[in-house]
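Student: have a look at this prediction, sequence included:
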Protein chains: 4
Amino acid sequence: MGIHATGAPGNGPAVSRREFDALFESVRTWGRWAAADRGAWNRVTADHVRRATATVRSGTTVPMARPWDTRPGPDNARPALHFMSDLGDVEAAEPSVHKDFLGADYHGKAVTHLDALSHVAYGGQLYDGRAARETVGAAGARFGSVSALGPLVTRGVLIDLPAVLGVEWLEPGRAVHAWDLLAAEEALGVTVGDGDAVLLRSGALRRRRERGPWSPDEASAGWHVDALPLLAERAVALLGGDGDSDVRPSPVEGVHSPVHTLAVTAMGVPLLDNLDLEPLSAVCAEAGRYAFLLVVAPLNVPGGTGSPVNPVAVL
Amino acid sequence: MGIHATGAPGNGPAVSRREFDALFESVRTWGRWAAADRGAWNRVTADHVRRATATVRSGTTVPMARPWDTRPGPDNARPALHFMSDLGDVEAAEPSVHKDFLGADYHGKAVTHLDALSHVAYGGQLYDGRAARETVGAAGARFGSVSALGPLVTRGVLIDLPAVLGVEWLEPGRAVHAWDLLAAEEALGVTVGDGDAVLLRSGALRRRRERGPWSPDEASAGWHVDALPLLAERAVALLGGDGDSDVRPSPVEGVHSPVHTLAVTAMGVPLLDNLDLEPLSAVCAEAGRYAFLLVVAPLNVPGGTGSPVNPVAVL
Amino acid sequence: MGIHATGAPGNGPAVSRREFDALFESVRTWGRWAAADRGAWNRVTADHVRRATATVRSGTTVPMARPWDTRPGPDNARPALHFMSDLGDVEAAEPSVHKDFLGADYHGKAVTHLDALSHVAYGGQLYDGRAARETVGAAGARFGSVSALGPLVTRGVLIDLPAVLGVEWLEPGRAVHAWDLLAAEEALGVTVGDGDAVLLRSGALRRRRERGPWSPDEASAGWHVDALPLLAERAVALLGGDGDSDVRPSPVEGVHSPVHTLAVTAMGVPLLDNLDLEPLSAVCAEAGRYAFLLVVAPLNVPGGTGSPVNPVAVL
Amino acid sequence: MGIHATGAPGNGPAVSRREFDALFESVRTWGRWAAADRGAWNRVTADHVRRATATVRSGTTVPMARPWDTRPGPDNARPALHFMSDLGDVEAAEPSVHKDFLGADYHGKAVTHLDALSHVAYGGQLYDGRAARETVGAAGARFGSVSALGPLVTRGVLIDLPAVLGVEWLEPGRAVHAWDLLAAEEALGVTVGDGDAVLLRSGALRRRRERGPWSPDEASAGWHVDALPLLAERAVALLGGDGDSDVRPSPVEGVHSPVHTLAVTAMGVPLLDNLDLEPLSAVCAEAGRYAFLLVVAPLNVPGGTGSPVNPVAVL
């Protein structure tokens, strides 16, 4: 495997398992941080937070969570739950109160969520070399839980590739490569730096609105693994996207989610899946700026492998 | 009823239903905003966001969510759910993935959450005079849902009353009055202004850790309704606390949650319940500053009456 | 409308709303029983129980519940939940224990379940003329709950129409009429009598296994309303089937589930939906008998509108 | 350990781990049945079913499920869930329909339920010597699931010990011994035989109604392990009770649930926990008969370790 700008709009080039394993080793950061649970979020110091807040100009606030979706569909195999537990008729008035129950098996393709470091294991090992089977049980994860992560406040960068390429969206299955990132940086006037959160827009939600839902397991636009060395070099803290970061079908032999594996397991970089980046794309285009203050505040679930979230950009 | 500094540490003075209804009228903001669903959050303009981000000095980030608690207790009548749905043995490797289900009937005394405007009705009416029974059904709320609120980015102010009073915590049942707020502003060097989020610390979580849990329905420190006219005058956007804002038992005849009623239903001010303000108290004390950037990012639940959240302060 | 043996395999004849309402009146049993919550189950006396047990010959036991299905599909819009809450690693050994959580919004087309009398209202009225809106709230049903029903032990009769007609299954959308019931009685050597539970087999599960799932909302074999007067005359206690008893699309103008309405709301006859009748069909055919002891034991849910069940036939 | 009628009302005599392990070996039936998942239910042949139905005299039907309980308490650590998912306002009328969601982590002390053979492991082994860790995972149990059991129709025998002893109830912590069973058989005029389901009444629910709930983990009346050899000799198919069969505190050193272990893991005898036997006690007393037709119909949950049930006696 090498980085070669073929321009082919597919999910390739194909990557052998041996090449993938070498890539895994080359980007691995195990043993680097005392607070290993937080992985690459250790890169985000108080300085980064200050600099991120200093990017705010207009005060425009943009949320990124998709609506909580209780209906099954090709991209919603485990629909979320939403029930009213009080309609003002259960507890005594006055006042009367309305209450609701929320539930979700949130990993998957429908709920906007954060993957903590306990979410993904490769060869039986979690980030930092922890044995998955000894670490995660029915009571949850004893290492790499979302509670250990806590919230992230850092600079976010939107890699709005359809805007760069002048298309409405990337077709499902289109791999995003290192050279795409370099081209986007130049076109958008932004450079990804250490501690940044990189949000990749493929335009999937625009396509979904216009063409209807499809199965992202079968075809999604997302990073090809050949982009990960550059992202590792840039020392990013977080990757996110309007898909789940992985191009699908996977170009890597025998590895269904290779970007998850490299990011979460090798690099300790949490992922934000299933963002709605359409509003942010419009705001960034209008402002002419693609960097902003980003706040991600997962629920405080001890032992949780992630959390539903509503990430917020402030421009 | 009048504002008189009795200094009595109880939940009084008692307030008649007639006095309460007059108070309700006096602070009511119905009809004020086109985007009525967002209530007092309409006060928070892009200017407020910019000024809030400009308060950041050190870059210290402080989360406020209590741990997701699956065990019942005197302050947890509807325990949250947390189940592992994949332990690396359900979906095909590689990689293996760990997944979990989260569920909560989150209103109550255990989950850190935001109350949206559809949560509370008085005399059958929601904020802005909407008829509750026509507005909220088994499919959720058609007005005042948490999706209509979206995230809030504004200036937060911590009213750390135990710090002001030199005590470890306020005893459960202790009412907080307008003069307490005025005294706290002076002692803490901060003035609550329009669009601010006011977070009241009673020290409940410190007391809980040292003395064990109790039933907050029976006794909680919180605002007395006599403080609400001042908070209305200051044009706050959000009230929050380490209780649920209401002093309990209620001092108001026939109204079990009078502060909820005035804030949510009359003033359109959402509430943050069950915060853990202990870390924020320590950070503010050390920094000598009680105002900060606050970000609250509820889940995007169409029709939801609120959301579990993990509010974040940045100092 | 009249009963005319057209032999047409469709869902007709069409029925006007006026004809339907007259039918509703003609089969209505409101006010008949003191224990109105139990509706037609009042017909099942201790005598009926004794006679039902006396039908047992071989001692063969046949369950009728479909597997609990956690995957969405065209006939599973609200997948059931099944999570392991202990894998021997949460509570202390010895012994180690395995535990699981079950959840279901069980009405619909996937879970085998019983409909209690609070499930269906027509013109705002439940069985016995109770006002639905005053009777059922967020805390459940105050009349017609599944707890009021309790278990049913009675004689079951399998109307195995594909066996009678010499076909593998009834095509979805095929209405079953009074003359079909009469023909089946003759062919199968059984006569439906008072207090009986009538189970209609369409062969839907055989078709599903061979052809794959489809949306039963769009097309199901089931009773045409023209069969209900005969069933009312026979004084049945329970109707069940491998569909949900209603032929779909509905032949009745403006009424999506007319058999539900006549059975549950007018006649007080609970329904068993989504049975798997394939094993029972084989056992009855081999035994040459289509009547048997039937036991239906719903969960004891106060206020519940029904319950998942696993009905059992004993031949 | 030996069987000696001390008459002491406590949980003793104490049993060493070595004695317990010898007992485990002495009652073990591993390898006995081809359909090992069904364990002792293999004893119940069609003959047993016929003989059980032949016991029916009066046709009186008695359910045994406690109400589905959504409130936490000393005997309800994981409250069940019950939410209304449609109040006639979600789906289109006519008719309008009411629907509800049910959920439960049903093992424990509140929900009436059946324990399947995958529920309990001793020394890492399930019934028939299956390795628990290889057999039960996040997707459920691959051996000993409740689906493999299916329903049970057999003769039930009520061992109504308070009736025998002329007391209102057995005090929590009171062990029930082999000689208690023998005395009860004589007093009640019944002899436990092969394939029977033995239901032990301690009167716990009567005590609960009169004295309020307590923690059954701390003290429950139930079988002492010294009764298990007799129950094994009698070749029972099922044990049940108004507790969870185990006397608590456990008299066995280092084994918190020794009767669960002997019954489920050694003998392949499923358990029925948390029955309400008060109505059955009254009916049996009036009829002067303590044997009856028993039907237990668990939900058909593939991989499930048990199921909520509503067992039914027919006298």
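Tutor: Structure's in. What do you need?

Student: CA only for contacts and neighbour counts going forward, please
Tutor: Will do.

Student: and the residue lying closest to A:Ser96 once chain neighbours are set aside, backbone torsions?
Tutor: If you skip the residues right next to it in sequence, A:Ser96 has A:Gly88 as its closest partner in space, 4.6 Å away by C-alpha to C-alpha, 6 or more residues apart in numbering or on different chains. Main-chain torsions, A:Gly88, degrees, to the nearest 10: phi 80, psi 10.

Student: these two touch, right, A:Gly88 and A:His98?
Tutor: Yes. Using C-alpha atoms under 8 Å, A:Gly88 and A:His98 qualify as a contacting pair, with a distance of 5.4 Å.

Student: between those two, who's got more neighbours?
Tutor: The neighbour count for A:Gly88 versus A:His98, taken as other C-alpha atoms under 10 Å in any protein chain shown, is higher for A:His98 (30 against 24).

Student: who does whichever strand or helix holds that one touch, helix- and strand-wise?
Tutor: If you go by DSSP states H and E, A:His98 is part of strand A:96-105. Contact here means 3 or more C-alpha pairs under 8 Å, 6 or more residues apart in numbering or on different chains; DSSP states H and E; on that basis strand A:96-105 packs against strand A:81-87, strand B:96-105, strand B:120-121.

Student: could I get the CA-only coordinates of it as CSV?
Tutor: Only the C-alpha atoms of strand A:96-105 are listed here, as CSV (Å, rounded to 0.1, in the frame of the first residue of the first chain):
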residue,chain,number,x,y,z
SER,A,96,-48.8,18.7,36.7
VAL,A,97,-45.6,17.3,35.1
HIS,A,98,-44.8,15.5,31.9
LYS,A,99,-42.0,13.0,32.0
ASP,A,100,-40.4,10.6,29.5
PHE,A,101,-38.2,7.6,29.3
LEU,A,102,-35.3,7.5,26.8
GLY,A,103,-33.4,4.3,25.9
ALA,A,104,-30.9,3.4,23.2
ASP,A,105,-28.5,0.7,22.2
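
Student: how about whichever helix or strand comes after that strand, does it reach chain B?
Tutor: Going down the chain from strand A:96-105, the next helix or strand is strand A:113-115, by DSSP H and E. No. Using C-alpha under 8 Å from any C-alpha of the partner chain, strand A:113-115 stays clear of chain B, coming no nearer than 9.4 Å.

Student: partner strands of strand A:113-115, parallel or antiparallel?
Tutor: Taking DSSP bridges as the criterion, strand A:113-115 sits next to strand A:271-273 (antiparallel), strand A:306-308 (antiparallel) in its sheet.

Student: what residues does the stretch 101-250 of chain A have near chain B?
Tutor: Within the stretch 101-250 of chain A, the positions adjacent to chain B are A:101-107, A:118-124, A:136-140, A:150-151, A:153 by C-alpha under 8 Å from any C-alpha.

Student: the residues you listed, buried ones only, as a ChimeraX selection?
Tutor: Typed into ChimeraX, the next command selects the buried ones out of these (criterion: 16 or more other C-alpha atoms under 10 Å in any protein chain shown):
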select /A:101,102,103,104,105,106,107,118,119,120,121,122,124,136,137,138,139,140,150,151,153
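
Student: mean confidence score for the helix or strand hosting A:Arg208?
Tutor: Assignment of secondary structure by DSSP H and E places A:Arg208 within helix A:204-211. Regarding helix A:204-211, the rounded mean pLDDT is 98.

Student: mind listing what's buried along that helix?
Tutor: A:204-205, A:207.

Student: what's the offset of the helix or strand just after that helix from the middle of its chain?
Tutor: For helix A:204-211, the following helix or strand on the C-terminal side (DSSP H and E) is strand A:222-223. Centre-to-centre, strand A:222-223 and its host chain are 11 Å apart (C-alpha atoms, centre = their mean, to the nearest Å).

Student: ok so, going back, turn the strands paired with strand A:113-115 into TSV, columns for mean pLDDT and mean neighbour count.
Tutor: Below are the strands paired with strand A:113-115 laid out as TSV (pLDDT from 0 to 100; neighbours: other C-alpha atoms under 10 Å in any protein chain shown):
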stretch	mean pLDDT	mean neighbour count
strand A:271-273	98	28
strand A:306-308	98	29
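
Student: ranges for the helices of the stretch 51-200 of chain A?
Tutor: Using DSSP state H, counting those that start in this stretch, the helices of the stretch 51-200 of chain A run over A:132-135, A:146-149, A:161-165, A:178-188.

Student: need the winner for burial among those helices.
Tutor: With neighbours defined as mean count of other C-alpha atoms under 10 Å in any protein chain shown, the helices of the stretch 51-200 of chain A peak in mean count at helix A:146-149, which reaches a mean of 24.

Student: tell me the phi and psi of the residue lying closest to A:Ala141 once chain neighbours are set aside?
Tutor: Once flanking residues are discounted, A:Ala141 sits nearest to A:Gly303: 4.3 Å by C-alpha to C-alpha, 6+ apart. Phi and psi for A:Gly303, reported as degrees, to the nearest 10, are phi 80, psi 0.

Student: burial count for A:Gly303?
Tutor: Residues near A:Gly303, counting by other C-alpha under 10 Å, number 26.

Student: ok, now which ones touch it?
Tutor: Residues near A:Gly303 by C-alpha atoms under 8 Å, 6 or more residues apart in numbering or on different chains: A:139-147.

Student: so for it, what's the pLDDT?
Tutor: 98.

Student: can you put the helices of the stretch 51-200 of chain A in TSV and add mean pLDDT?
Tutor: TSV is the format used below for the helices of the stretch 51-200 of chain A (pLDDT from 0 to 100):
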stretch	mean pLDDT
helix A:132-135	96
helix A:146-149	98
helix A:161-165	98
helix A:178-188	98
